[in-house]
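In: structure here, sequence nowhere to be found:
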């Protein structure tokens with residue numbers, strides 16, 4: 001197991017943005033373009049961040065691929081994200097993966113594991129992403145990533161994520177409100193702390209987030225934070241691949257992130273599934289503001305004002 005990197009106060013760490021430019025996992029080509037649009041809207045400049053772009057090869061614009069070919073593209077992309085996350089941590093930077101479809105989670109959490117060892121996961125998402133090829137209604141890989149990180153999935157996915165040491169008991173999900181039957185079967189095993197939106201509304205987001213961090217922070221090295229933008233209600237964030245009504249507001253989410261405990265044990269974060277709509281030219285600017293508010297809340301970084 002790799003040694004844990006030296007701890008720094010979050011405010012002392014420079015942010016390393018890793019732009020995961022991929023849409024094959026959700027089958028939305030606009031997701032592939034999302035990170036570039038976010039950078040064009042000033043995301044990195046406002047955060048004073050470095051940028052590493054990880055572009056899917058081939059692009060979705062180059063034509064259709066078979067399911068097996070798509071998986072190979074995604075797994076190659078995963079390895080490149082993992083390498084970028086590892087490099088960021090080794091350079092004492094705070095990795096922030098932006099996407100792009102949620103297959104980026106494979107590379108993000110695998111990279112943290114390579115850098116730090118056994119890590120937990122706080123998973124803010126309308127979905128559990130616990131499907132496998134056998135249970136997925138759509139066959140889209142972005143709905144299988146948590147399963148892959150926890151050791152269930154195709155042979156190629158499991159080989160790609162083999163260095164991830166996360167155990168189900170160190171995973172906590174918040175804001176879930178769309179669960180497929182196969183995913184529910186896994187949750188019924190009782191090994192994963194899954195807090196649905198009904199529970200969030202009953203107990204309060206702050207309480208649920210503290211519980212989530214308590215779960216993930218039991219891992220030896222610390223934890224990573226995943227935010228799928230579809231955890232936010234589509235009335236504020238409609239630019240996602242799979243919107244589900246009844247989500248969090250941007251304001252309450254940012255406040256909860258600002259109040260996260262044990263931030264010295266938080267190793268990195270991802271904010272993903274930005275899927276801009278061709279008919280809405282302002283999506284990128286709105287999503288950029290959302291991401292800036294979330295990243296600032298977590299890291300305390302000084303943010304440059306918009307011009």
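Out: Ah, there it is. In this text, all values refer to a predicted model and were calculated from it rather than measured experimentally.

In: low-confidence regions, the stretch 1-150 of the chain specifically.
Out: Counting by pLDDT under 70, the stretch 1-150 of the chain shows low-confidence ranges at 1-12.

In: mind listing the strands for it?
Out: 15-21, 50-55, 94-99, 120-124 (DSSP state E, counting those that start in this stretch).

In: could I get those strands as TSV with mean neighbour count and distance to residue 257?
Out: Just so you know, the C-beta spots here come from the backbone N, C-alpha and C atoms, and that holds for glycine as well. Converted to TSV, the strands of the stretch 1-150 of the chain look like this (neighbours: other Cβ atoms under 10 Å; distance: least, Cβ to Cβ, whole Å):
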stretch	mean neighbour count	distance to residue 257
strand 15-21	26	15
strand 50-55	17	22
strand 94-99	28	13
strand 120-124	28	9
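
In: can you put those strands in TSV and add distance to residue 140?
Out: Formatted as TSV, the strands of the stretch 1-150 of the chain follow (distance: least, Cβ to Cβ, whole Å):
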stretch	distance to residue 140
strand 15-21	16
strand 50-55	19
strand 94-99	14
strand 120-124	18
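
In: which one of those lies nearest to residue 275?
Out: Residue 275 sits nearest to strand 94-99 of all those, at 9.4 Å, using Cβ to Cβ.

In: so which elements touch the closest one?
Out: With contacts taken as 3 or more Cβ pairs under 8 Å, 6 or more residues apart in numbering; DSSP states H and E, strand 94-99 sits against strand 15-21, helix 29-40, helix 67-90, helix 104-116, strand 266-272, helix 283-299.

In: off-centre distance for the fifth one?
Out: Right, the one you point to is strand 266-272. 6 Å (Cα atoms, centre = their mean, to the nearest Å).

In: before we move on, what about the second one?
Out: Taking Cα atoms, centre = their mean, one finds helix 29-40 lying 15 Å from the centre of the chain it belongs to.

In: contacts for it, please.
Out: Contacts to helix 29-40, defined as Cβ atoms under 8 Å, 6 or more residues apart in numbering, come from residues 17, 19-24, 51, 53, 56, 59-61, 98-101, 241, 273-278, 283-284, 287-288, 291.

In: got the helices and strands packed on strand 94-99 as JSON lines, with distance to residue 47 columns?
Out: Listed next are those as JSON lines, based on distance: least, Cβ to Cβ, whole Å:
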{"stretch": "strand 15-21", "distance to residue 47": "5"}
{"stretch": "helix 29-40", "distance to residue 47": "11"}
{"stretch": "helix 67-90", "distance to residue 47": "14"}
{"stretch": "helix 104-116", "distance to residue 47": "17"}
{"stretch": "strand 266-272", "distance to residue 47": "12"}
{"stretch": "helix 283-299", "distance to residue 47": "6"}
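
In: please identify the most buried of those.
Out: Of all those, helix 104-116 has the most neighbours on average by mean count of other Cβ atoms under 10 Å, namely a mean of 29.

In: and the angle for that one with helix 29-40?
Out: Using axes from the mean of the first three to the mean of the last three Cα atoms, to 10 degrees, the direction of helix 104-116 lies 60 degrees away from that of helix 29-40.

In: could you name the helices and strands sitting against helix 104-116?
Out: Looks like helix 104-116 contacts strand 15-21, helix 67-90, strand 94-99, helix 145-149, helix 155-160, strand 223-228, strand 266-272 (3+ Cβ pairs under 8 Å, 6+ apart).

In: 7 Å instead, please
Out: Secondary-structure packing of helix 104-116 (3 or more Cβ pairs under 7 Å, 6 or more residues apart in numbering; DSSP states H and E): helix 67-90, helix 145-149, strand 223-228, strand 266-272.

In: please report the distance of the nearest residue to residue 154 once chain neighbours are set aside from residue 87.
Out: Of all residues beyond its chain neighbours, the one nearest residue 154 is residue 133 (5.7 Å), with distances taken as Cβ to Cβ, 6 or more residues apart in numbering. Counting by Cβ to Cβ, to the nearest Å, the separation of residue 133 from residue 87 is 31 Å.

In: do the same with residue 20
Out: Going from residue 20 to residue 87 by Cβ to Cβ gives 15 Å.

In: looking at the strands of the stretch 1-150 of the chain, which is nearest to residue 76?
Out: Of the strands of the stretch 1-150 of the chain, nearest to residue 76 by Cβ to Cβ is strand 50-55, at 10.1 Å.

In: strands paired with that closest one, and their directions?
Out: Paired neighbours of strand 50-55 in the sheet (DSSP bridges): strand 15-21 (parallel).

In: so what touches the strand it pairs with?
Out: 32, 35-36, 39, 44, 47, 49-56, 81, 84-85, 88, 93-100, 104, 295, 299, 301 (Cβ atoms under 7 Å, 6 or more residues apart in numbering).

In: show me where the stretch 101-250 of the chain has its helices.
Out: 104-116, 145-149, 155-160, 181-187, 197-203, 205-216, 250-258 (DSSP state H, counting those that start in this stretch).
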